[in-house]
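Undergrad: Take this sequence and fold it.
(2 chains)
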Amino acid sequence: MARMKFICDAERCIECNGCVTACKNEHEVPWGVNRRRVVTLNDGVPGEKSISVACMHCSDAPCMAVCPVNCFYKTDEGVVLHDKDICIGCGYCSYACPFGAPQFPSSGAFGLRGKMDKCTFCAGGPEEHGSQAEFDKYGRNRLAEGKLPACAEMCSTKALLAGDGDVVADILRGRVVQRGKGAEVWGWGTAYGNQAKGA
Amino acid sequence: MKAAIILSSLVLLAACGETRQDKAGVGSDKPAVAGTGVAVYTDPGWKAGDQAGWSNHLKARAHYGQNDHSRTSK
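TA: Residues are numbered from 1 along each chain as shown, chains lettered A, B, ... in the order given. Next comes the predicted model:
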């Protein structure tokens, strides 16, 4: 069984924000909500590093652990999803998430916090696959179409890798061997439990 | 003595295993291999419900779309 994971290769990311745009466009994410964003460390300093960040679909997801209404669930493919019909928008998940993945759209005249929205690994949600209801609440379900997340497939430098953990780890391993450096995979240890150096 | 060594090894090595990632939570979601039923968006060559085919399609997409080293001459 495939275990879906993200890797961002900081040696390749050029901060083009193509992944952010691909995600916004694919899922028609509302104004003010960014399921994915690019973070640059030491911006402007020679040797700066950029990384594309979204929900990492953690093996032992802290958002699932703290949710008071238990709206999260994990699919067979290891993707962490949530049910917006159950979510009460309390925001506990955003405090628990080490990646800042949960997003809260403002709703109403007084900017009330709406139901949580986050990256779905392009796997939709608990509605009927491919239905309008699923698209409206969670966006496209590319995984059920036999495709990988739009952000990774659109990445111009192939910095952002998405797919089965074994496959993406193989691809990264090949790169590291070829270039002889840059094995530090930001967020991998935090999300998937391997406390490797630099992770 | 032998049994004690085996038993203690099992206890010690248990920590080296992978965290359980079973399906969990409240969701009543269908698996991704069930497909969307929207033929026009489905990856050509894969039929909904085909688990092995789905895995192979994703693997092929990952290697073709994301592994540029496999597409360039060495």
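Undergrad: So which elements touch the biggest helix by length in chain A?
TA: Secondary structure assigned by DSSP state H gives helix A:165-179 as the longest helix of chain A. Packing contacts for helix A:165-179, counted by 3 or more CB pairs under 8 Å, 6 or more residues apart in numbering or on different chains; DSSP states H and E, involve strand A:4-8, strand A:160-164, helix B:51-66. C-beta here means a position set from N, CA and C on the backbone, and glycine is covered the same way.
Undergrad: redo that, cut-off 10 Å
TA: For helix A:165-179, the elements it packs on are strand A:4-8, strand A:160-164, helix A:188-192, helix B:51-66, judged by 3 or more CB pairs under 10 Å, 6 or more residues apart in numbering or on different chains; DSSP states H and E.
Undergrad: Where does the prediction get shaky in the chain?
TA: Just so you know, I chose chain A. A:1, A:111, A:194-199 (pLDDT under 70).
Undergrad: um, chain B though
TA: Residues of chain B that meet the cut-off, pLDDT under 70, sit at B:15-28, B:73-74.
Undergrad: now the strands: where do they sit in it?
TA: Using DSSP state E, the strands found in chain B span residues B:24-25.
Undergrad: so how far is chain A from the residue nearest the centre of it?
TA: Central residue of chain B (CA atoms, centre = their mean): residue B:55, 7.2 Å from the mean position. Residue B:55 sits 6 Å away from chain A, taking CB to the nearest CB, to the nearest Å as the criterion.
Undergrad: That residue touches residue A:76, doesn't it?
TA: No. With contacts counted by CB atoms under 10 Å, residue B:55 stays clear of residue A:76, the gap being 11.6 Å.
Undergrad: thinking again about what came up before, using JSON lines, lay out the helices and strands packed on helix A:165-179 together with distance to residue B:9.
TA: JSON lines is the format used below for the helices and strands packed on helix A:165-179 (distance: least, CB to CB, whole Å):
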{"stretch": "strand A:4-8", "distance to residue B:9": "30"}
{"stretch": "strand A:160-164", "distance to residue B:9": "31"}
{"stretch": "helix A:188-192", "distance to residue B:9": "25"}
{"stretch": "helix B:51-66", "distance to residue B:9": "34"}
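Undergrad: Report the contact partners of the residue nearest to the centre of chain B.
TA: Contacts for residue B:55 (CB atoms under 10 Å, 6 or more residues apart in numbering or on different chains) come out as A:1-2, A:77, A:146, A:164, A:167, B:33.
Undergrad: Please repeat the previous calculation with a cut-off of 6 Å.
TA: Neighbouring residues of residue B:55 by CB atoms under 6 Å, 6 or more residues apart in numbering or on different chains: residue A:2.
Undergrad: helix, strand or coil for the residue of chain A most remote from its centre?
TA: Most distant residue from the mean C-alpha position of chain A: residue A:109, 29.4 Å away (CA atoms, centre = their mean). Per DSSP: H, G, I helix; E, B strand; the rest coil, the secondary structure class of residue A:109 is coil.
Undergrad: so who does residue A:107 touch?
TA: By CB under 6 Å, 6+ apart, residue A:107 lies in contact with residue A:114.
Undergrad: Please tell me how far it sits from residue A:21.
TA: 24 Å (CB to CB, to the nearest Å).
Undergrad: What segments of the chain are helices?
TA: Because you didn't say which chain, this covers chain A. Under DSSP H, chain A gives helices at A:18-27, A:62-66, A:92-96, A:132-138, A:150-154, A:165-179, A:188-192.
Undergrad: nope, chain B
TA: Counting by DSSP H, the helices of chain B are B:2-13, B:51-66.
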